[in-house]
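Q: 3D, please:
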Amino acid sequence: MYDDCDGDGFTAYTGDCDESCPTCYIGSTVYIDSADGKDQDCDGQIDEEEAVPCYVIWVTDSTYTGALGGRSGADSKCVADKPGDLDCTEDIKAFLSIAADDEIRDMPSKYGFSTLTPIYWYNKNTQAVLSLATTWADMLDGTILSSQADGTGVTGNYIWTFSQAAGELGSYNCSGGTSGSSGVSGNTGSGSSTGTDWLLFAWENPSWWACHNTFMFRCLCETTTLCTAVR
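A: As a prediction, the model looks like this:
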C-alpha cells in the first residue's frame, strides 16, 4: 500500500519521490525562488537552476514631455529604447496608464500578460535583474520588493506613470499621454520608493506635473533568458 503523505495527489507508486514534499513528483513544473534541498521534478537532480519566463521593467534613456503619442507612440518609444542584449519574447509595452480601459492594472486582460509571472527590474548597464514582485497582484498591492533605483540604477522621483497607486488611470494623465502642454498635468512615480509612491509620488507639487516637463518612463516586456529559479 502506498500512501500520499504530503497530499500532492501522488504516491511512490505513481511518481512521488519525496513524501515530505508536496511539490516533488515526476513531471512537476513547480519552481521555487531559492534552493530547498528537494528534487521538485524527481529527475535525480536537486535544486537545478533553470531559466524561467519573467517580465522585466526598465527605464527609458531619454526624457519626454507628456506628449508621448498615446499608447502606440509610447510603445514605439519603448521598442526603440529596448537594450540590444535584452531578448523580449512578447510585445514591448509602455508601463503607463493611458485610458480608463488601458490601465497598468488592466494590462493582463488587455494585452495578455500573465498575472502569475514574476516581475523584475532590468539594469541596462549591468544586464542584471532584481525582483520587483512575485505576481501582477503583488506588484500593485502597495509595496514592491525593491526600488527602481536599486533595480535599474536610475534614480529620481519623477517618472511618468499617469497612474494612481493601484495601477488605475491617474487623475492627471497628460490627456492620455498626448499632451505636452504646460496647462495639462500628468502623474509621476518615485524612483526610490518601495511603497505606493513608486507609481504615484505622494509628495509631488502639482506644478511638477505639468506635461511640458520632461521625464523618463518605464517599459515592460517578457523574457525567457534572464530570470532563473530552481526545482
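Q: Can you list the buried residues in the longest helix seen in the chain?
A: Assignment by DSSP state H gives helix 70-81 as the longest helix of the chain. Judged by neighbour count using 16 or more other CB atoms under 10 Å, the buried positions of helix 70-81 are 70, 71, 73, 74, 75, 77, 78, 81. C-beta coordinates here come from the backbone N, C-alpha and C atoms, glycine included.
Q: before we move on, what about stretch 118-134?
A: Within stretch 118-134, the residues scored as buried using 16+ other CB under 10 Å are 118, 119, 120, 121, 122, 123, 124, 129, 130, 131, 132, 133.
Q: from what I can see the second one touches residue 137, true?
A: No - Residue 119 is not in contact with residue 137 according to CB atoms under 8 Å; the separation is 10.8 Å.
Q: quick one on the thing from earlier: return the closest of the buried residues of helix 70-81 with respect to residue 153.
A: Distance to residue 153 across the buried residues of helix 70-81 (CB to CB) is lowest for residue 81, with 15.1 Å.
Q: Give me the nearest residue to that closest one, chain neighbours excluded.
A: Counting by CB to CB, 6 or more residues apart in numbering, residue 81 lies nearest to residue 60, which is 4.8 Å off, once chain neighbours are set aside.
Q: Count the neighbours of the one you found for me.
A: Neighbourhood size, residue 60 [other CB atoms under 10 Å]: 22.
Q: what do you get for the one 5 residues further on?
A: Here the neighbour count serves as a burial measure; for residue 65 (other CB under 10 Å) it reads 19.
Q: Residue 143 too?
A: Here the number of neighbours of residue 143 (other CB under 10 Å) works out to 13.
Q: Kindly report the same for the one 3 residues further on.
A: When neighbours are defined as other CB under 10 Å, residue 146 has 16 of them.
Q: And it, how far from residue 122?
A: Applying CB to CB, to the nearest Å, the value for residue 146 to residue 122 is 12 Å.
Q: my read: the residue nearest to residue 81 touches residue 220, true?
A: No - counting by CB under 8 Å, residue 220 is not a contact partner of residue 60; they are 11.7 Å apart.
Q: Mutual contacts of those two, please.
A: Here residue 60 and residue 220 have residue 78 as joint contacts, going by CB atoms under 8 Å, 6 or more residues apart in numbering.
Q: This completes my enquiry, with thanks.
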